[in-house]
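Asks: Predicted model follows, preceded by the sequence.
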Amino acid sequence: MAILPIVQLGDPVLRKKAEPLSRITAAERKLIQDMIDTMYFAEGVGLAANQVGVSQQIIIISPTYRRGAETVIINPQILKQKGRTTDREGCLSVPGFSAKVTRSDYVQLKGLTVDGEAKVWELKGFAAVIVQHEVDHLNGYLFIDRLKFLEKRRVEKWLREREQALGHS
Ligand code: NI
């Protein structure tokens, strides 16, 4: 068991498109185990590999937040999306800020399991929201990029304050 450091907003790895995996070796399986440990340790319901500094297309989601019930998806590709839902989101890479985001309420996606088998997943509600958030990570997007109106102004203000606090003003 290893807890990995979580990369924070401002690190370029979060803005880079992650690479698809061509094979799943012991190294990737170890990384996935460490990602699972890290996600639960950090009390997150989802994690993308670039959040631990690895630019590879691996995501973990755990809508029920039950250890052992998480889903690992490698090389996820969204096939279908429908409906709309608005939920409050946060992110382990953006600590201290949360906001309402509107996303699809249903997602069908394909990818590989940990064992390298092709699979199609159909997710609804909270699970669909998390998977969209994590797939966004692999494409270099964060939930704060998806905000509108008042929430967008709130994040802009928060980002300015954060920069000042970090001494980059
Ligand atoms: Ni996130």
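Replies: In hand now; what should we look at? Numbers count the residues shown, from 1 in each chain.
Asks: which residues does E89 contact?
Replies: 98-101, 129, 133, 143 (C-beta atoms under 8 Å, 6 or more residues apart in numbering). No exception for glycine: its C-beta is placed from N, CA and C like everyone else's.
Asks: let's see it at 6 Å
Replies: Counting by C-beta atoms under 6 Å, 6 or more residues apart in numbering, E89 makes contact with 101, 143.
Asks: Show me what it bridges to in the sheet.
Replies: Beta-bridge partners of E89, counted by DSSP bridges, are A99.
Asks: who's in contact with the longest strand anywhere in the chain?
Replies: In the chain, ranked by residue count with DSSP state E as the criterion, the top strand is strand 71-82. With contacts defined as C-beta under 6 Å, 6+ apart, strand 71-82 is touched by 20-21, 32, 57-61, 104, 106-112, 114, 135.
Asks: now the strands: where do they sit in the protein?
Replies: 46-48, 58-61, 71-82, 85-89, 99-103, 106-112, 118-124.
Asks: Just list the residues touching the residue most central in space within the chain, thanks.
Replies: Ranked by distance to the mean C-alpha position of the chain (C-alpha atoms, centre = their mean), the top residue is E134 at 2.6 Å. Residues counted as contacts of E134 (C-beta under 6 Å, 6+ apart) are 46, 48, 59.
Asks: where's it relative to T25, distance?
Replies: Going from E134 to T25 by C-beta to C-beta, to the nearest Å gives 22 Å.
Asks: Same check on H133?
Replies: 27 Å.
Asks: E151 too?
Replies: 41 Å.
Asks: higher neighbour count, the two?
Replies: More neighbours surround E151 than the other of E151 and T25, with 17 against 10 (other C-beta atoms under 10 Å).
Asks: ok and the longest strand of the chain relative to strand 99-103, angle-wise?
Replies: If you take axes from the mean of the first three to the mean of the last three C-alpha atoms, to 10 degrees, strand 71-82 sits at 70 degrees to strand 99-103.
Asks: Strand 71-82 pairs with which strands, parallel or anti?
Replies: By DSSP bridges, strand 71-82 pairs with strand 58-61 (antiparallel), strand 106-112 (antiparallel).
Asks: hey, which of these is tucked in deepest?
Replies: For these, the largest average neighbour count (mean count of other C-beta atoms under 10 Å) is found in strand 58-61, namely a mean of 26.
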